[in-house]
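Quick one, fold the following:
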Amino acid sequence: MRRIFIAQEKVKPAPDEPQLAALYAEFGDEDRKLAEEGMSDYAKGLIKEDTR
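All right, here's what the predicted structure looks like:
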């Protein structure tokens, strides 16, 4: 016996270019801040390892 499953949900269209640009702009500042904080922590960790 062979069963065929059909998706119940409709496929949502992909965001267009202006929507993507708006999303990137919205989260860009937060991403940069998190990356800078992460690099700071990484540098502190390297210094800690070098002083052992």
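
What is the neighbour count of Pro18?
8 (other Cβ atoms under 10 Å). Where C-beta positions appear, they are placed from N, C-alpha and C, glycine not excepted.

what helix or strand is it on?
helix 17-50 (DSSP states H and E).

mean confidence for that helix?
When pLDDT is averaged over helix 17-50, the result is 89.

next one: stretch 41-52 to chain centre, how far?
26 Å (Cα atoms, centre = their mean, to the nearest Å).

got the buried residues for stretch 28-45?
Using 16 or more other Cβ atoms under 10 Å as the test for burial, stretch 28-45 gives no buried residues.

so how far is the helix holding Pro18 off the chain centroid?
Distance, centroid of helix 17-50 to centroid of chain: 10 Å (Cα atoms, centre = their mean).

now do stretch 15-28
With Cα atoms, centre = their mean, you get 13 Å for stretch 15-28.

ok, and for it, which residues are buried?
Here stretch 15-28 shows no buried residue, counting by 16+ other Cβ under 10 Å.
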